[in-house]
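Undergrad: Got a predicted model here, sequence first, then my questions.
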Amino acid sequence: MIPFQDLRPLHALLRSELREAIDRVFDSGWYILGPEVEAFESELAAWLGMPHCVAVANGTDALELALRAAGIGPGDEVITASHTAVATVCAIERAGAVPVLADIDSATMTLSPAAAENAVTARTRAIVPVHLYGHMADMDALSRLASKHGLLLIEDAAQALGAQWNGRPAGAWGEMATFSFYPTKTVAALGDAGAVVCRDQSLAQRIRRLRTYGQASREAALEQGQNSRMDEIQAAVLRVKLAHITEHRQSRRNLAGRYAERLPADIQRPVERSEALHVYHLYVIRHPQRDRLRQTLLDEGIETLVHYPLAVHQQPAYARLAADRDTLPATERAAAEVLSLPLYIGLKDWQLDRVAETIARARAEIEA
């Protein structure tokens with residue numbers, strides 16, 4: 001079996017550093033929101049060139065707290081993509097706002113600036129582009145759109161730490177950006193963790209307050225908040241991973257390059273726009289008979305996943321958001337065709353070659 005994901009090889013490479021970091025936490029006697037969290041916040045902010053970073057419990061909380069800190073809530077519309085993890089829309093609704101789902105660019109599968117502009121109304125307060133699979137949305141066009149309409153631009157960069165657009169990193173374009181460090185991400189914790197980066201000090205201060213029950217001090221809550229604290233072990237682990245981000249990004253890009261060379265010429269590969277630097281959080285191909293292709297791979301002992309088989313508006317809990325399904329044709333085509341192949345640090349060349357060779361055989365059988 002070639003698994004879709006295996007985190008053990010990466011952790012074997014970093015074992016001594018990770019153990020040292022975790023031991024440091026054990027020895028400190030401080031386990032929540034302590035010096036490791038503060039150091040990670042400073043290091044991530046510096047790496048992105050952003051002035052402020054607030055560590056939180058997970059990526060969903062990060063987006064919810066960013067919206068709440070900006071005063072976005074009931075009655076406010078927030079434009080985002082429907083081809084995303086449901087967490088994006090969940091966070092918008094948890095903030096009390098109304099998600100407005102716009103179509104994607106058919107090549108990059110990220111939010112279409114033209115579709116986003118068509119979705120702007122008098123109630124629109126923010127745009128949340130999702131940098132999907134490790135490729136950034138068109139941030140030049142989306143930045144112009146936000147400026148034109150006076151909208152807050154918040155990047156959902158959960159899948160794209162290390163990616164770039166015109167040389168500028170994911171997380172450094174909007175007024176705020178949110179990250180997830182779920183264990184499969186390109187920089188990953190050993191559990192759930194997230195962060196918000198922002199330009200404005202007052203926003204950062206409010207997010208810090210909201211993540212701890214709305215308290216500015218231990219004595220009293222100034223507003224209603226929640227418990228969204230990063231623990232010291234996750235921060236220590238993330239500091240180790242962040243220090244290796246450039247080399248690990250290149251490792252993933254090398255694997256993606258090998259796929260590009262080995263896959264059949266008529267298989268639709270991930271697109272990397274000339275303005276972009278893709279980090280290949282996921283390596284996603286497309287095929288009109290995706291389910292048959294996936295089953296053939298599974299029969300050959302190759303595990304794949306689908307991100308995402310249903311767009312958000314196609315899921316029962318969010319079907320009410322599909323007011324006009326005809327406005328999301330590229331989204332629905334992507335949901336029917338995308339297939340994520342194994343790609344992780346530690347994937348062997350022979351394993352990758354076997355995946356590519358099996359796809360070639362399967363494609364021929366499907367088309368015969």
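TA: Happy to help now that I have it.
Undergrad: May I see the buried residues of the one helix or strand W350 maps to?
TA: Per DSSP states H and E: W350 is located in helix 349-367. Using 16 or more other C-beta atoms under 10 Å as the test for burial, helix 349-367 gives 352, 354-356, 358-360, 362-363. The way it works is simple: take the backbone N, C-alpha and C, and place the C-beta from them, glycine included.
Undergrad: Any chance of those in TSV with distance to R333 and pLDDT as columns?
TA: Formatted as TSV, the buried residues of helix 349-367 follow (distance: C-beta to C-beta, whole Å; pLDDT from 0 to 100):
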residue	distance to R333	pLDDT
L352	27	98
R354	29	98
V355	24	98
A356	24	98
T358	24	97
I359	20	97
A360	23	95
A362	21	93
R363	19	87
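Undergrad: Show me which of the residues you listed is closest to L343.
TA: Set against L343, the nearest of these by C-beta to C-beta is L352 (8.0 Å).
Undergrad: then stretch 149-167 to CSV, C-alphas only?
TA: Output of stretch 149-167 as CSV, limited to C-alpha atoms (Å, rounded to 0.1, in the frame of the first residue of the first chain):
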residue,chain,number,x,y,z
HIS,A,149,-15.2,48.9,-2.6
GLY,A,150,-13.7,49.7,0.7
LEU,A,151,-13.7,46.0,1.9
LEU,A,152,-11.6,44.2,4.4
LEU,A,153,-9.3,41.7,2.8
ILE,A,154,-8.6,38.6,5.0
GLU,A,155,-6.6,35.8,3.5
ASP,A,156,-7.5,32.2,4.4
ALA,A,157,-4.0,30.9,4.1
ALA,A,158,-4.6,27.7,6.0
GLN,A,159,-3.1,25.6,3.1
ALA,A,160,-0.5,28.0,1.8
LEU,A,161,2.2,29.0,4.4
GLY,A,162,5.3,29.5,2.3
ALA,A,163,3.4,30.3,-1.0
GLN,A,164,4.0,33.5,-2.8
TRP,A,165,2.3,35.8,-5.2
ASN,A,166,4.6,38.2,-7.1
GLY,A,167,7.3,37.5,-4.5
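Undergrad: Double-check that R252 belongs to a strand.
TA: No - counting by DSSP: H, G, I helix; E, B strand; the rest coil, R252 is not found in a strand; it is helix.
Undergrad: contacting residues around stretch 196-207?
TA: 44-45, 48, 50-54, 56, 62, 65-66, 69-70, 171-172, 175-179 (C-beta atoms under 8 Å, 6 or more residues apart in numbering).
Undergrad: Buried ones among those?
TA: Buried, going by 16+ other C-beta under 10 Å: 44-45, 48, 50, 52-54, 56, 62, 65-66, 69-70, 171-172, 175-179, out of the contacts of stretch 196-207.
Undergrad: if we can go back for a sec, just name whatever secondary elements the helix holding W350 is in contact with.
TA: On a contact count with 3 or more C-beta pairs under 8 Å, 6 or more residues apart in numbering; DSSP states H and E, helix 349-367 meets helix 245-262, helix 290-299.
Undergrad: same thing but 10 Å
TA: On a contact count with 3 or more C-beta pairs under 10 Å, 6 or more residues apart in numbering; DSSP states H and E, helix 349-367 meets helix 245-262, strand 283-286, helix 290-299, strand 338-341.
Undergrad: roughly how far is it from the heart of the chain?
TA: In terms of C-alpha atoms, centre = their mean, to the nearest Å, the centre of helix 349-367 is found 28 Å from the chain centre.
Undergrad: quick revisit: of the contacts of stretch 196-207, which belong to strands?
TA: In strands, judged by DSSP state E, the following of the contacts of stretch 196-207 are found: 52-54, 56, 176-179.
Undergrad: Just name the closest of those to T121, please.
TA: Comparing the ones in strands among the contacts of stretch 196-207 against T121 with C-beta to C-beta picks out M176 as the nearest, at 21.9 Å.
Undergrad: ok, now how distant is the residue lying closest to A12 once chain neighbours are set aside from A160?
TA: The shortest distance from A12 to any non-neighbouring residue, by C-beta to C-beta, 6 or more residues apart in numbering, is to G346 (7.8 Å). Per C-beta to C-beta, to the nearest Å, G346 is found 21 Å from A160.
Undergrad: for V25, same thing?
TA: Look at V25 and A160: by C-beta to C-beta, they are 28 Å apart.
Undergrad: Please apply the same query to I233.
TA: Distance, I233 to A160, by C-beta to C-beta: 25 Å.
Undergrad: who's more crowded, the two?
TA: It is A160, of I233 and A160, that has more neighbours when counted by other C-beta atoms under 10 Å, with 31 against 21.
Undergrad: how about the helices in the stretch 101-250 of the chain?
TA: 113-118, 139-149, 201-210, 232-243, 245-262 (DSSP state H, counting those that start in this stretch).
Undergrad: Work out the gap between the shortest one and the centre of the chain.
TA: In terms of C-alpha atoms, centre = their mean, the gap separating the centre of helix 113-118 from the centre of its chain is 21 Å.
Undergrad: which strands and helices sit next to it?
TA: Using 3+ C-beta pairs under 10 Å, 6+ apart: helix 113-118 touches strand 77-81, strand 98-102, strand 124-128, helix 139-149.
Undergrad: Pull up the pairing partners for the third one, direction included.
TA: On the basis of DSSP bridges, the sheet neighbours of strand 124-128 come out as strand 77-81 (parallel), strand 152-156 (parallel).
Undergrad: Let me know which of the ones you listed is the nearest to T124.
TA: Using C-beta to C-beta, the nearest of the strands paired with strand 124-128 to T124 is strand 77-81, at 4.6 Å.
Undergrad: gap between V284 and L142?
TA: Taking C-beta to C-beta, one finds V284 at 21 Å from L142.
Undergrad: That'll do, ta.
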